[in-house]
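**Student:** After the sequence you'll find the predicted model.
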Amino acid sequence: MSGVHLVMSGGTGGGIVTPLGSIALEDIRVTTATASITVNTDGSISLNHGSGPSNWYSPSVAGIGSSYWVRLHVNSGSAPSSGSGTETWLQLTGLRSWSWSVTNATRFGNYYLQFSTAGSDATIVSTSTVTLDIESGTT
């Protein structure tokens with residue numbers, strides 16, 4: 001069976017940033033499967049082929065991202081195929097996005113999506129687990 005499955009769960013928040021709960025993305029493709037997460041500056045999250053929480057900050061506020069930083073940390077598995085980079089704090093002055101894509105292959109991974117008020121481990125206000133399982137070319 002071909003498909004994409006990306007799950008984000010957990011989350012700890014200090015009442016500032018919304019804990020993300022669970023996100024599941026699914027995409028069935030014969031040759032290429034993709035999944036992506038986009039963190040927007042207004043507090044919303046956009047998902048490729050998925051459903052789940054639509055906000056990292058609630059309610060959405062234009063420009064709230066400029067007060068926060070985001071980081072995608074790779075615990076295990078494949079780094080994203082493209083996007084904003086991993087392992088470094090990125091201020092949310094513009095959208096930040098990570099994408100995974102496979103053609104006739106499988107990719108697995110486990111990540112943390114983290115939010116901070118000052119771009120440091122000492123100021124993390126939310127951490128959510130992201131689990132990736134994308135497959136294509138199998139039936």
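**Tutor:** All right, it came through fine.
**Student:** Show me which residues of stretch 60-74 are buried.
**Tutor:** 64-65, 68-72, 74 (16 or more other C-beta atoms under 10 Å). In this view, the C-beta of every residue, glycine as well, is placed from N, C-alpha and C.
**Student:** can you check stretch 92-101 too?
**Tutor:** 92, 96-98, 100-101.
**Student:** how near is R96 to P80?
**Tutor:** Counting by C-beta to C-beta, to the nearest Å, the separation of R96 from P80 is 11 Å.
**Student:** Closest one to S120 out of the buried residues of stretch 92-101, please.
**Tutor:** Sorting those by distance to S120 puts L92 at the head of the list, at 14.7 Å, by C-beta to C-beta.
**Student:** Touching, that closest one and G63? I think so.
**Tutor:** No: taking contacts as C-beta atoms under 8 Å, L92 lies outside contact range of G63: 9.4 Å.
**Student:** Find the residues that touch each one of these two.
**Tutor:** Here L92 and G63 have T41 as joint contacts, going by C-beta atoms under 8 Å, 6 or more residues apart in numbering.
**Student:** Tell me where the protein is predicted with low confidence.
**Tutor:** Where the chain drops to pLDDT under 70, the residues are 1-29, 49-52, 138-139.
**Student:** just the strands in it please.
**Tutor:** 3-9, 23-25, 32-39, 45-47, 50-51, 69-77, 82-83, 90-91, 96-103, 106-116, 124-135 (DSSP state E).
**Student:** any idea how far the closest residue in space to W89 that isn't next to it in sequence is from S81?
**Tutor:** Leaving aside its sequence neighbours, W89 sits nearest to G119 (C-beta to C-beta, 6 or more residues apart in numbering; 3.7 Å). In this structure, G119 and S81 are 25 Å apart, going by C-beta to C-beta.
**Student:** Could you do R71 as well?
**Tutor:** From R71 across to S81, the span is 18 Å (C-beta to C-beta).
**Student:** do L132 as well
**Tutor:** L132 is 11 Å from S81, by C-beta to C-beta.
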